[in-house]
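Participant: need coordinates for the below:
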Amino acid sequence: MGGRQPYPSDLPDEAWELIRPVIAAWKARHPSVSGHAGQYEMREIVNAILYQARTGCQWRYLPHDLPPKSAVYYYFAKWRDDGTAETIHDLLRWQAREMRKRHEDPTAVVLDSQTVRASVNAPKDTTGLDPGKKSPGRKRGIATDVLGLVIAVVVVAASVHDNAIGIALLDKVAATAPTVTKSWVDAG
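Facilitator: Down below sits the predicted model:
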């Protein structure tokens, strides 16, 4: 960590050792066009992403002892778009399930949705009015395993019915966790 004081969001050593090969393989597949290896340690890039995710700060407000926003956001966007972030998430979820003496892949999920108010600047085609709660915004649907670990997420306009969200979630679950044979939902 280059002599800096650790943040509570920093990646533990065991988690870093688990994801380090994924990051190293990604770096090998994406060499710099200028030929340099990069100025920042990849673990510090990951720590900065975790800091932003945990605190919710704007990218430009990352602390000065972490890599700059431009470098951190570059990797965040690349890993989000090419599936690397999901691969890392899956590895960490498998480890957490294994630590609790569970099979690597879940066999059951819990589905739920929640209406969340959207910013007034949010595009109108991505927001709506939840008729049941009379609340404007978006709905997020989440499928978790029985330990509460995220398996799938969908975000839609609040006007979308919970049944449609459930179908979209089950489609994502079937694609990412084909071992699931049971799901629980509430009355919605």
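Participant: any idea how this structure splits into domains?
Facilitator: Under the assignment named as the TED database, the residue ranges that make up the domains of the chain are 13-86, 105-185.
Participant: Val160: which element?
Facilitator: Per DSSP states H and E, Val160 falls between elements, in no helix or strand.
Participant: show me the contacts for the closest residue to it other than its chain neighbours.
Facilitator: Counting by CB to CB, 6 or more residues apart in numbering, Lys139 is the residue found nearest to Val160 once chain neighbours are left out, at 6.1 Å. Where C-beta positions appear, they are placed from N, C-alpha and C, glycine not excepted. With contact set as CB atoms under 8 Å, 6 or more residues apart in numbering, Lys139 has these partners: 113-116, 130, 155-158, 160, 162, 165.
Participant: before we move on, what about Arg4?
Facilitator: For Arg4, the contact set (CB under 8 Å, 6+ apart) comprises 65-66.
Participant: ok, it to Asp65 distance?
Facilitator: Distance of Arg4 to Asp65, computed by CB to CB, to the nearest Å: 4 Å.
Participant: what's the weakest-modelled helix or strand in the protein?
Facilitator: Among the secondary structure pieces of the chain, namely its helices and strands, strand 128-130 has the lowest mean (mean pLDDT, DSSP states H and E), a mean of 81.
Participant: can you list the residues that contact it?
Facilitator: 115, 135-139, 157-160.
Participant: quick one: least confident of those?
Facilitator: Among the contacts of strand 128-130, Ser135 carries the weakest pLDDT, at 76.
Participant: how near is that one to Asn47?
Facilitator: Here Ser135 is placed at a distance of 36 Å from Asn47 (CB to CB).
Participant: same check on Phe76?
Facilitator: When distance is defined by CB to CB, Phe76 is 12 Å away from Asn47.
Participant: which stretches of this protein form helices?
Facilitator: All helices of the chain, identified by DSSP state H, fall at 13-29, 42-55, 69-82, 84-99, 162-176.
Participant: let's have the ones you listed in JSON lines, adding mean neighbour count and distance to Pro123.
Facilitator: Shown next, in JSON lines, are these (neighbours: other CB atoms under 10 Å; distance: least, CB to CB, whole Å):
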{"stretch": "helix 13-29", "mean neighbour count": "13", "distance to Pro123": "31"}
{"stretch": "helix 42-55", "mean neighbour count": "18", "distance to Pro123": "23"}
{"stretch": "helix 69-82", "mean neighbour count": "15", "distance to Pro123": "19"}
{"stretch": "helix 84-99", "mean neighbour count": "15", "distance to Pro123": "24"}
{"stretch": "helix 162-176", "mean neighbour count": "16", "distance to Pro123": "19"}
